[in-house]
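Sequence and predicted structure are below.
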Amino acid sequence: MAKSMTVGKRENEKKRLAKREEKLKKKESKKLSGKANSFEDMIAYVDENGMITSTPPTEDIKKEEINPDEIIIATPKKEEEEPAILRGRVEFFNEARGFGFIKDLNGVEKYFFHVNNVVGNIVENNIVTFDLERGTKGMNAVNICLEKQ
């Protein structure tokens, strides 16, 4: 004896069968349309200008001979560049704790410095020269000197 189906199950079964029929119809219509999806239809060529075409290249194009010995594979050497001396104004300096901040005169960046990197005595609002060094939390000012007036 067959199991009885509820109304919801019957509807779902009908939908599933209808989708299967629709899929088969689409498959048949593709076969009858005559579109051939052969390998030859999928090939594309690139012409001498870099454009994609469907026609193969002709043999009359002059090809440039390349001597493999002339190919150089290397990275260019970095030229020695003179380190730029930066100028800034001491924005904040805490003598008790031994640190401060210098604002670059050419930009808006502020750089942290420690009193160990200061040559001589400085106070707030002094114009100084300094170099930069990467620290744990960003760029730090080092070799800080009071600018000669």
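On my side now, so go ahead.

Tell me how many other residues crowd residue 135.
By other Cβ atoms under 10 Å, 14 other residues sit near residue 135. Backbone N, C-alpha and C define where each C-beta goes, glycine included.

Now name the helix or strand holding the residue most central in space within the chain.
The centroid of the chain falls nearest to residue 75 when counting by Cα atoms, centre = their mean (20.5 Å). Following DSSP states H and E, one finds residue 75 outside all helices and strands.

Now do the phi/psi pair for it.
Dihedral pair for residue 75: phi -100, psi 140, per degrees, to the nearest 10.

distance of it from residue 145?
Distance, residue 75 to residue 145, using Cβ to Cβ, to the nearest Å: 35 Å.

For the chain, give the helix that spans the most residues.
Longest helix in the chain, counting residues (DSSP state H): helix 7-33.

now that helix: mean pLDDT?
Computed over helix 7-33, the mean pLDDT rounds to 88.

just checking, what packs against it?
Here helix 7-33 touches no other helix or strand, going by 3 or more Cβ pairs under 8 Å, 6 or more residues apart in numbering; DSSP states H and E.
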